[in-house]
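*Asks:* What would the 3D arrangement of this be:
(2 chains)
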Amino acid sequence: MKVKLRNPDREIQVTGSRRVRDLLSELGIDPDTVLVIRERALVTREERLDDADEIEVRPVISGGSGGLHPPGRLGLGIVK
Amino acid sequence: MKCKRCRMPAVVEVRRHNAAFCSDCFVHHVHEQVKRAIRAYDMIGAEDRILVCVSGGKDSLGLWDALLELGYRASGLYLGLGIGEYSDRSGHITRTFARERGAELIEVDLRREYGFDIPTAGKKGSRSTCAVCGLSKRYVFNRAALDHGFDVVATGHNLDDEAATLLGNTLRWQTEYIARQRPALPEREGMVKKVKPLHRLSELETASYAFLRGIDYVVEECPLVAGNTQLRYKEAMNALESRSPGTKAQFFLGFVEKAAPIFGGEDREAGALTACERCGQPTTGRFCAFCRARAQILGERLGSPPGDRQVAGELSEEVMPAELYAGTPGGPGDG
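*Replies:* The predicted model follows:
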């Protein structure tokens, strides 16, 4: 699946179906600090994501990064 | 995951309430929290004219939207900070929001009205960029509210903002700021009543509300915010909240209910005020904090020597003593 991260904007590719909570955990993101958006709709932590999905992970902290760790640190490839 | 109210599929989970909501019920939940805040602190009367301080972010636009939806007479005030494309975009988004809703928007440009912008202030003054930004916002918002006859100024401070600010003030034992950190500050001569109707809602809730209401808001962070201490306090609170949902609410709402009176509250605010010798704004010193900062930024000499000090005049239509409202977030989330 394609995951778009914000502030700064970048995209990563993640392979394999998983729950939102697992994706965020792998990315080192606190679920309470981001909106997860799929097809212009919010999804909760329990939703399952598939390879074909395109996801936006949008920080909610004003002026902050949403607690994102640098992508790639956990073995997830940066697409662009 | 099911909606707590209607059992339809949920789209937002609020862990501190051990609840989840569908889109419609979540909007209802937010409106109920705003109404509860307004009632609890007698924030807004039915006929009051409200000036909402809008930055183009999720909190201020969400607040404006909620107040309009609840039937209040709410206008917006946008302060142009001169932060390049960031300000251009936030201004455009705010104007579009107002136009789409037929709501009144008042605009003030910091450089045009006061001769400096925030990037310049960060380079030339002794205060941090975020400190000057917050100071300028507090000054201009109050002044505009008085000039245009508004009854109350509303800002989009949310629970995360308030908990982080309280943590910072507590760590430094800034007891004067702690005493004033309340969801509503009453009107005083020269100072319009100030309220924070979103103080019961977390940042996740305000962002979810803005998204679900289809509000286009500025997601990008302010390019000048790097190193903001407020963000470090938010991260600390988030670390606690993630292990113990409800910590932020217990900390801030518990403080307001149980601890704020210990620090003096309104009695503490009742100190003697004089008019700023430059602008007439009430202040605890000779010159208000905004005029001091502005003079430093512009390289001006502020006033005459102390021996020639003139007697301060009547409190004019000028603004609140900015320092009396200090200790609240001053970054991009400030409204």
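*Asks:* Tell me the helix or strand right after the helix or strand containing residue B:163.
*Replies:* Using DSSP states H and E, residue B:163 maps to helix B:159-171. The helix or strand immediately downstream of helix B:159-171 is helix B:175-180, counting by DSSP H and E.
*Asks:* Would you mark the buried spots in that next one?
*Replies:* By neighbour count on 16 or more other CB atoms under 10 Å in any protein chain shown, the buried set for helix B:175-180 is B:176-180. To be clear about C-beta, it is placed using only N, CA and C from the backbone, and glycine gets the same treatment.
*Asks:* Run through chain A and note the low-pLDDT ranges.
*Replies:* Scanning chain A for pLDDT under 70 picks out A:62-80.
*Asks:* Run through the strands of it in chain order.
*Replies:* A:2-5, A:10-13, A:18-19, A:34-38, A:41-42, A:48-49, A:54-59, A:77-78 (DSSP state E).
*Asks:* same check, this time on chain B
*Replies:* Under DSSP E, chain B gives strands at B:12-14, B:19-21, B:49-54, B:73-80, B:105-109, B:152-154, B:184-185, B:193-195, B:274-275, B:282-283.
*Asks:* Direction included, what does the second one pair up with?
*Replies:* Within its sheet, strand B:19-21 is paired with strand B:12-14 (antiparallel), according to DSSP bridges.
*Asks:* Centre of the chain to the partner strand, how far?
*Replies:* 25 Å (CA atoms, centre = their mean, to the nearest Å).
*Asks:* What of stretch B:215-235?
*Replies:* Taking CA atoms, centre = their mean, one finds stretch B:215-235 lying 14 Å from the centre of the chain it belongs to.
*Asks:* Ends of that stretch, what's the gap?
*Replies:* Using CA to CA, to the nearest Å, the end-to-end distance of stretch B:215-235 comes out at 26 Å.
*Asks:* just stretch B:145-152 next, same as before
*Replies:* Start-to-end, stretch B:145-152 (CA to CA) is 7 Å.
*Asks:* For it, which residues meet the burial criterion?
*Replies:* Within stretch B:145-152, judged by 16+ other CB under 10 Å, the buried ones are B:145-146, B:150-152.
*Asks:* Columns pLDDT and distance to chain A on top of those, output as JSON lines?
*Replies:* Compiled in JSON lines, these are given as follows (pLDDT from 0 to 100; distance: CB to the nearest CB, whole Å):
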{"residue": "B:145", "pLDDT": "96", "distance to chain A": "22"}
{"residue": "B:146", "pLDDT": "93", "distance to chain A": "27"}
{"residue": "B:150", "pLDDT": "98", "distance to chain A": "24"}
{"residue": "B:151", "pLDDT": "97", "distance to chain A": "27"}
{"residue": "B:152", "pLDDT": "98", "distance to chain A": "22"}
